[in-house]
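Undergrad: below: sequence and its predicted model.
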Amino acid sequence: MKSLDVVSICNALVDVLVKASEADIDQLALNKGIMHLVDDERQQQVIRHFSVKETTQELGGSSMNAIRTLAALGAKTAFAGAIGRDPYGNMIQSRMASLGIKSHLQHVDAHTGTCFILVTPDGERTMNTSLGASCIYDEKIVPEADIAAARVFHFSAYQWANPGQIRAIRRALQVAKANDTLVSFDLADPFVVKNCREDFIPLIEEYADIVFSNREETRLLYDATPEISCNRLTEAGAIAAIKLGADGALIGKGSQRHIIKAVPTEVVDTTAAGDMFAAGFLYGICRGKPLDACGHLAATLASDVISRLGATVASKALDRVRAH
């Protein structure tokens, strides 16, 4: 019997969101709509640019977004990551405790990682991530007992950042495979897929049971349409969950194919839409729901989070998912 639902290892970050204009993007010389890895000096430059604007803060990091939403739904979760000995690190610890997330946080001598997110009027988010402490871990941080006790081990491609992180994820995958724990892999970002596809394709073939991606990520992975990419993923033995924006999502397993319609939504901020999609889908998987139902739960949470500024799902959306 599995005593946990979903366990993850990921960057432990604090997301700081601000409303930005197209002029802000230009003045800061940013590539709109993608994640930029920056050093602390560059991060402070961006923060100073918005010093007079109001910001919102929440636990961040791709898998952490999914984990905290699963916890809010009532799932039993655990999370491993690294934080600094600073106020942001304290915030992460206290917020995880309040959500009931089992903690495997390691304190290191670096500042806690932050992701400063610029949200433009079209709802696009441009991320500036200073990883800081969040990437200073290796296989010693892997919560092996919890991974063995979980239904799902979930991680994102963002962890493919340095040798220590890669060793940790590879060890976690070995533990998951040895204990019949499902492996859920979120491709996370086109930039990462472009640089790491030669690692990701064999990793998917050997370990992945569920793969989350969007249209661009699957194109970069397989140089193919979403439909052909879905075939490639299912041939590798994984459930394919391919997000298609306003066109909904394509879910595949074996010979099954499900088209999930998008929930009509006025887009305010696309931050964490993919993470919330993963949370809804994994909640359905852990509750034994059929794939099309998992897709609808995923779409419910994704559509809700993009309807407002910030990466938090409204309580009414959580209620709809629980009641499904």
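TA: Arrived safely.
Undergrad: all strands for the protein, in order.
TA: Along the chain, counting by DSSP state E, strands occupy 4-9, 13-19, 35-37, 56-60, 77-84, 102-108, 113-119, 125-130, 150-156, 182-186, 210-214, 239-243, 249-253, 256-260.
Undergrad: pipe those into TSV and attach mean pLDDT per row.
TA: Putting the strands of the chain into TSV (pLDDT from 0 to 100) gives the following:
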stretch	mean pLDDT
strand 4-9	98
strand 13-19	91
strand 35-37	85
strand 56-60	88
strand 77-84	97
strand 102-108	96
strand 113-119	91
strand 125-130	90
strand 150-156	98
strand 182-186	98
strand 210-214	97
strand 239-243	98
strand 249-253	98
strand 256-260	97
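Undergrad: mean neighbour count added to these, as JSON lines?
TA: (Glycine included, C-beta is placed from N, CA and C.) Listed next are those as JSON lines, based on neighbours: other Cβ atoms under 10 Å:
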{"stretch": "strand 4-9", "mean neighbour count": "27"}
{"stretch": "strand 13-19", "mean neighbour count": "22"}
{"stretch": "strand 35-37", "mean neighbour count": "18"}
{"stretch": "strand 56-60", "mean neighbour count": "20"}
{"stretch": "strand 77-84", "mean neighbour count": "26"}
{"stretch": "strand 102-108", "mean neighbour count": "16"}
{"stretch": "strand 113-119", "mean neighbour count": "24"}
{"stretch": "strand 125-130", "mean neighbour count": "22"}
{"stretch": "strand 150-156", "mean neighbour count": "26"}
{"stretch": "strand 182-186", "mean neighbour count": "24"}
{"stretch": "strand 210-214", "mean neighbour count": "26"}
{"stretch": "strand 239-243", "mean neighbour count": "26"}
{"stretch": "strand 249-253", "mean neighbour count": "22"}
{"stretch": "strand 256-260", "mean neighbour count": "16"}
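Undergrad: in CSV: those, plus distance to Phe277.
TA: Shown next, in CSV, are the strands of the chain (distance: least, Cβ to Cβ, whole Å):
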stretch, distance to Phe277
strand 4-9, 14
strand 13-19, 17
strand 35-37, 17
strand 56-60, 17
strand 77-84, 17
strand 102-108, 23
strand 113-119, 18
strand 125-130, 15
strand 150-156, 12
strand 182-186, 9
strand 210-214, 7
strand 239-243, 6
strand 249-253, 7
strand 256-260, 10
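Undergrad: if I look at the nearest residue to Tyr283 once chain neighbours are set aside, how far off is Gln44?
TA: Computed as Cβ to Cβ, 6 or more residues apart in numbering, the closest residue to Tyr283 that is not its neighbour in sequence is Leu73, at 5.4 Å. Relative to Gln44, Leu73 is positioned 36 Å away (Cβ to Cβ, to the nearest Å).
Undergrad: the two: who's more crowded?
TA: Here Leu73 and Gln44 are compared on neighbour count by other Cβ atoms under 10 Å; more neighbours surround Leu73, at 23 against 13.
Undergrad: chain center to the longest helix that the chain contains: distance?
TA: Ranked by residue count, the top helix of the chain under DSSP state H comes out as helix 190-207. Distance, stretch centre to chain centre, for helix 190-207: 16 Å (Cα atoms, centre = their mean, to the nearest Å).
Undergrad: same question, stretch 219-226
TA: 20 Å.
Undergrad: quick one: average pLDDT of that stretch?
TA: For stretch 219-226, the mean pLDDT works out to 97.
Undergrad: list the buried residues of it.
TA: 219-222, 226 (16 or more other Cβ atoms under 10 Å).
Undergrad: now stretch 263-271
TA: Quick answer for stretch 263-271 (16+ other Cβ under 10 Å): 263, 265, 268-271.
Undergrad: need the contact partners of that stretch.
TA: Residues from elsewhere that reach stretch 263-271 (Cβ atoms under 8 Å, 6 or more residues apart in numbering): 15, 17, 117, 119, 122-125, 299-300, 302-311.
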